[in-house]
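Engineer: Quick one: sequence plus predicted model below, questions after.
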Amino acid sequence: EPEVTQTPSHQVTQMGQEVILRCVPISNHLYFYWYRQILGQKVEFLVSFYNNEISEKSEIFDDQFSVERPDGSNFTLKIRSTKLEDSAMYFCASSVGQGFKETQYFGPGTRLLVL
Amino acid sequence: DAKTTQPPSMDCAEGRAANLPCNHSTISGNEYVYWYRQIHSQGPQYIIHGLKNNETNEMASLIITEDRKSSTLILPHATLRDTAVYYCIVRVPGGYQKVTFGTGTKLQVIP
C-alpha cells in the first residue's frame, strides 16, 4: 500500500540554523500539506500546497517557513532560522484532492529538536 | 469545520469491541464525519469516514445517527495495538480543506 515517507526521522539543530524537512507524498496525489505537533499539544495545520503554489497557510507559517516541490516526487519544508519553539513533530500529508472519498494520508513525522 | 465533542479517555478490554462516541450537533449538510487515530509519536492514521450511511472497512465501523448529530466508531475486536488517541473530525472532502484536529479520545486497551 502506498504511503507518505519523511526524512529524516529525527533532526537536532542549533537555534538560528536552517533546516529542511523532506517528504515523498503518495505518487498520484495532488495536494500536499505540513502539520506540526508540539509535545503534548494538538496536531496543527501549517500549510497546504497545490499546483506548485501555497493554497492556504496558518498564522504559524510565517516568513521563516517556506515550502517547495523541487522535483516530481519530493515536497520540502524549510525553516530559515530555527527557534527553540520550533521544536516539534512535523508531519507531511498528501491527498488525491477530489471526490467524496478524499482524505489526507500522513507520514510518520520528523522530530525536530532545536537547542 | 464544525466542532466535535469526544470523551477525553476510555478503556477497553482486549478482544472486546471498543465503541468511541462523538457529538457533532452543528454539522453541516455537506460535511462528512472522519476518524483518524494517532498511536504514540506516530503520524495520524486515517481510519474511516462517512456522510450519513453506516460505513465499514477492514479497520472499523462507523455508525452515524439519522439526524447526523452524533456518531460512533466501533473497533470490533480491540487489540493492544489499538491503544491510541482517536480523533473525530467533521469536514468537507476536498484537497483544499485542511484537517483540524481536536484533543480526541485516548483509548487504552487493557490486557
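Structural biologist: Noted; the coordinates are in hand.
Engineer: Quick check: closest non-adjacent residue to the spatially most central residue of chain B.
Structural biologist: Of all residues in chain B, the one closest to the mean position by C-alpha atoms, centre = their mean is B:W35, 3.4 Å from it. Distances taken as C-beta to C-beta, 6 or more residues apart in numbering or on different chains put B:I47 closest to B:W35, at 4.3 Å, once the chain neighbours are dropped. Glycine gets a C-beta too; all of them are placed from N, C-alpha and C.
Engineer: Equivalent analysis for B:F101, please.
Structural biologist: In this structure, B:F101 finds its nearest non-sequential neighbour in A:V43, 4.1 Å apart by C-beta to C-beta, 6+ apart.
Engineer: burial measure for the one you found, as a count.
Structural biologist: Using other C-beta atoms under 10 Å in any protein chain shown, A:V43 is surrounded by 25 other residues.
Engineer: wait, doesn't it sit right on A:Y35?
Structural biologist: Yes: between A:V43 and A:Y35 there is a contact at 5.3 Å, judged by C-beta atoms under 8 Å.
Engineer: Which residue would be the closest one in chain B to chain A?
Structural biologist: When distances are taken as C-beta to the nearest C-beta, chain B reaches nearest to chain A at B:G95, 2.9 Å away.
Engineer: The residue nearest to B:W35: which element?
Structural biologist: In the assignment (DSSP states H and E), B:I47 maps to strand B:45-50.
Engineer: residues making contact with that strand?
Structural biologist: Residues outside strand B:45-50 that contact it (C-beta atoms under 8 Å, 6 or more residues apart in numbering or on different chains): A:103-106, B:32-39, B:55-57, B:59-62, B:64, B:71, B:73, B:86, B:93.
Engineer: Make a PyMOL selection of whichever of the residues you listed turn out to be buried.
Structural biologist: Applying 16 or more other C-beta atoms under 10 Å in any protein chain shown to the contacts of strand B:45-50 leaves a buried subset, and the PyMOL line that selects it is:
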select buried, (chain A and resi 103+104+105+106) or (chain B and resi 32+33+34+35+36+37+38+55+60+61+62+64+71+73+86+93)
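Engineer: The contacts of strand B:45-50 in strands, which ones?
Structural biologist: Judged by DSSP state E, the subset of the contacts of strand B:45-50 located in strands is A:105-106, B:32-38, B:55-56, B:61-62, B:64, B:71, B:73, B:86.
Engineer: What is the burial count for the residue nearest to B:W35?
Structural biologist: The number of residues packed around B:I47, counting by other C-beta under 10 Å, is 20.
Engineer: what do you get for the one 5 residues further on?
Structural biologist: Burial of B:K52 is recorded as 14 neighbouring residues (other C-beta under 10 Å).
Engineer: helix, strand or coil for the residue lying closest to B:C88 once chain neighbours are set aside?
Structural biologist: If you skip the residues right next to it in sequence, B:C88 has B:C22 as its closest partner in space, 3.4 Å away by C-beta to C-beta, 6+ apart. Taking DSSP: H, G, I helix; E, B strand; the rest coil as the rule, one finds B:C22 in the strand state.
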